[in-house]
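Engineer: Dropping a prediction and its sequence here:
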Amino acid sequence: MNGSSDVLIVGGGLQGLSSAFQLARRGYRVRLLEAEYCGRHASGVNAGGVRTLGRHLAEIPLALAAREQLWHHLEELLGDTGGFVPSGQLQVAENEADERKARERVALLQAHGFGHERWVDAQQVRELVPSISPHVVGGLWADRDGYALPYRVVTAYRLAAQRLGVDILESTPVQRVERHGSLWRAHTPHGTFEAPWLVNTAGAWAWEIAAQTGDPVPMEPGGLMLMVTQRVAPFVKPVLGAMGRPLSFKQFDNGTVLIGGGLRCAADAAQRHAPVDLTRLPKSARTVIDLFPHLEHVSIARAWTGIEGFMPDEIPVIGPGAAAPQVVHAFGFSAHGFELSPIVGCIVAELVAQGRSTLPIEAFRVDRFAA
Amino acid sequence: MSEPTRDLIVIGAGPAGMAAALAARRRGLDVLLLDEQPDVGGQIYRSITTTDAQRQRILGPDYSHGASLADAVKAAGIAHWPGTAVWQVDTDKTVHALRGGANHHIAAKALVIATGAMERPFPVPGWTLPGVMTAGAGQILLKNASLVPRAPAVLAGCGPLLYLLAAQYLRAGVAIQAILDTAGGTDWRLAIRHATALLAGWGYVRKGLGLLREIKAAGVPFHQGVEKLRIEGADAAEAVAFTSRGQAHRIPCGLVLLHQGVVPNNQVTWSLRAQHHWDDEQLCWVPTCDAWGQTSLPGIYVAGDGAGIGGALVAELQGELAGIAVANALGQGERQDGEAQRARIRQHLAIRPFLNQQYRPKDEFRIPADDVIVCRCEEVTAGSIRAQVALGCSGPNQTKSFSRCGMGPCQGRQCGLTVTEVIAQATGLPPADVGYYRIRPPLKSLTLAQLASE
Amino acid sequence: MASNQPLFQPLPAVQPAPDTVSVQVDGAPVRMSRQASLAAGLLAAGVTAVRRSPVGGEARAPYCMMGVCFECLVHVDGVPNQQACLVVPQEGMRVQTLRSLAASESEGAHV
């Protein structure tokens, strides 16, 4: 597309790509502007968890919709499964305090009509993960959860969007947006672009765009680290988390084990760079060995980082701009946006096309921090 | 385990590292010299402290020169940690290393990275088979273990190191089955164009001609203009096939030693995100430095082949410069201007443009055909990389994310240059624009237990 | 103990170096010089392949001898993925290559 567009999307991570795809399906002409390359940061640097387990109450309807309507049907939607494996997700309880918290949560969810997480006891945990340490007393289990391959999902959405005519411009950082008459303008080093609608999916940099649309938010960019081991003989199918300490890990088909789970590191958002600092990882390494003692001699093959946007209440901003018309925001996913991204694209498309969302998004209002 | 802050940490105990440590120590600095090998010498002077008369005769006087450096390092009482694997270097100059199974975190006011060179990748069909090694490996086995090929080997490739190894084997009484020279043959027009440089570097030229004389005198079969090189075999190397001057050849052989030059070993400087530039003459990435060897990161210097291939004597001089620079920067002792060292470096480097052109590895052997493995660790072929480029992956980090190319244990050391050039050719972009892998810690494997031990 | 003819042999005039140790390689004792790397010792003892590639299963052997290719990975005293070219042989050291490891174990993996 060389000419005009109906929608400008800032940011080519998964929120932006799925939005582009869903808008294009509805016949909108979409132009997406990405500063580096698609999926460079949070979308490419996450553990790939397709997780409804352990979410904030407000996110659960979205997470369940994403899982049931989209993740399990990605092949039909995009022509690629994105490597999605419905391995189930298990959050282990290591002691009585963990178990109590887990049972309270199940009760809370049921009170809200959600039954997707269930308590499993020590015996059942061992059936699910035979090699786990004997000290684990049980866990919370979501059997239709799983994991996918972040970069493959990014590419699947990108190619699908491009097939529908979406114009994706990489290495095209948006320096500034402004309203000009009835249009939004995005200024980049390679030219200025205009469209009636603006979608802000700029990840760790979205707060800058939001400030420019008149919607300041207290979002902080932060660094996230992941590490992956060399290959190990198969020992775990489900994705694992722990109730009492931050951890997310999974073993891929090729035997490598990915270790993540909100591993924070320093980030220089202006330089778009977060250095890997392995000296922040001893606790995570210890957690893994505590749960699986046989992994102590497994080597870390590599670690990597990206920059994510964090909200003080740890839930994202999803919704229309409050100050100016024809803006939609979807950012601040605080290290757990991967699983939500397919449905976020649908919500963004609904907001543009109809001005409202089928799924409840009140909790994610952009102006919820205003005094 | 935490350590007191050092004035200088030198990573790499080859000629550049040893010279840097010595120069700094002579100015009264507190220096720590680290290396993963069990003793000083790097690769060029490997095992110089435990060698014997027989090996010295075979290896020649250039090798023996390393003894003086090694002796000087010992005599100066420089703190030396052998068997130490550096896994992370921070921009604030803290070095994280594993030594004897325990982690050490050492702060320093300055760093000299002297990690030297490694063999340029030589991706040909069959290059991953057992029985295929680098010529450098052959030389290391000779230096380190007094080992030579049991049955006549085939040496293939180009460059002075290949001929040196051949000559050393011949001196050792070891028969060579054939030398397959992939260079274009002596280019006399080139020689004339570089006549002044050749005269300036006559010592090197005479040495090179002398090696070729030794090889010719021994009657070793010498095939020139070699193309379509492939190594055949089921579980191990069994034969080498190639064409030379239009004729097809096949030589049964169980040991093939490959070499097409050496390139800087840049893992540390890339991991620091120091600035690098693509050198089209050397066909590799080189850290961008000032006249003292300081990188784009203040207080972090490179010296030796890691700063660009110049050979052992240049490495020593660059090490000296870096050591002097650090002492100057810390205000220690009388300031030196380094001009004498720079003048000698220029002299030694005069021959390089000629060597780089004469022994420029052919495109076929740097940018291989589709079915050739580029990433040995993950078995990713050149064709697979090209397919990803066609899907819109425009750089090595994207092809890495998609195909695992570069994600194996060697962390891109054996495939990085090839991938940059394959993508450059496929996109039509110059290598400088394509870029290189994002290199991150751990630079050497660290187990979960070691990581957990802090 | 070598199932193949070694690819490398000592120089003619080298006496067995006094500084040798006995290393267990796949259960069999091998005398090695302490001054040469474990990888060199394995090659001299006729070990031609040390592991299987975890991707396609082909046999792999030492390639660079200087720690940058990561082909020479062996188990040493129960710890996997040790670069043999950087290991100094010690008396009683237990080394395992693909010949004594199960297929899944030798692939740079372990159970």
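Structural biologist: Okay, I see it.
Engineer: that's a helix at residue B:37, yeah?
Structural biologist: No: counting by DSSP: H, G, I helix; E, B strand; the rest coil, residue B:37 is located in no helix; its state is coil.
Engineer: pretty sure it contacts residue B:45?
Structural biologist: No: Residue B:37 is not in contact with residue B:45 according to C-beta atoms under 8 Å; the separation is 10.5 Å. All C-beta spots, glycine's among them, are computed from the backbone N, C-alpha and C.
Engineer: So which of the two has more stuff around it?
Structural biologist: The neighbour count for residue B:37 versus residue B:45, taken as other C-beta atoms under 10 Å in any protein chain shown, is higher for residue B:45 (27 against 23).
Engineer: Hmm, residue B:63 and that one touching each other?
Structural biologist: Yes: at 6.6 Å, residue B:45 counts as touching residue B:63 under the criterion of C-beta under 8 Å.
Engineer: And the helices in the stretch 1-150 of chain A?
Structural biologist: For the stretch 1-150 of chain A, the helices defined by DSSP state H, counting those that start in this stretch occupy A:14-25, A:60-65, A:74-78, A:96-111, A:122-128, A:150-163.
Engineer: residues in contact with residue B:234?
Structural biologist: If you count contacts by C-beta atoms under 8 Å, 6 or more residues apart in numbering or on different chains, residue B:234 has none.
Engineer: I'd guess it is in a helix, am I close?
Structural biologist: No: applying three-state DSSP, one finds residue B:234 to be coil, outside a helix.
Engineer: State the distance from it to residue B:13.
Structural biologist: To residue B:13, residue B:234 is 40 Å away according to C-beta to C-beta, to the nearest Å.
Engineer: Next: residue B:392.
Structural biologist: Going from residue B:392 to residue B:13 by C-beta to C-beta gives 45 Å.
Engineer: of those two, who's got more company?
Structural biologist: Taking neighbours as other C-beta under 10 Å, residue B:392 and residue B:13 compare with residue B:13 leading, 30 against 15.
Engineer: The closest residue to residue A:283 other than its chain neighbours: neighbour count?
Structural biologist: Leaving aside its chain neighbours, residue A:283 sits nearest to residue A:245 (7.6 Å; criterion: C-beta to C-beta, 6 or more residues apart in numbering or on different chains). Number of residues near residue A:245 (other C-beta under 10 Å) recorded here: 16.
Engineer: wait, residue A:245 sits on residue A:287?
Structural biologist: Yes: assessed by C-beta under 8 Å, residue A:245 is found in contact with residue A:287 at 5.5 Å.
Engineer: Show the low-confidence segments of the stretch 51-200 of chain B, by residue range.
Structural biologist: Applying pLDDT under 70 to the stretch 51-200 of chain B flags the ranges B:184-188, B:191-192, B:196, B:200.
Engineer: one more time with 50
Structural biologist: Applying pLDDT under 50 to the stretch 51-200 of chain B flags no residue at all.
Engineer: Show the contacting residues for residue 365.
Structural biologist: All of this refers to chain A. Taking C-beta under 8 Å, 6+ apart as the criterion, residue A:365 is in contact with A:317, A:319, A:322.
Engineer: try chain B instead
Structural biologist: Going by C-beta under 8 Å, 6+ apart, residue B:365 touches B:122, B:123, B:124, B:157, B:182, B:229, B:260.
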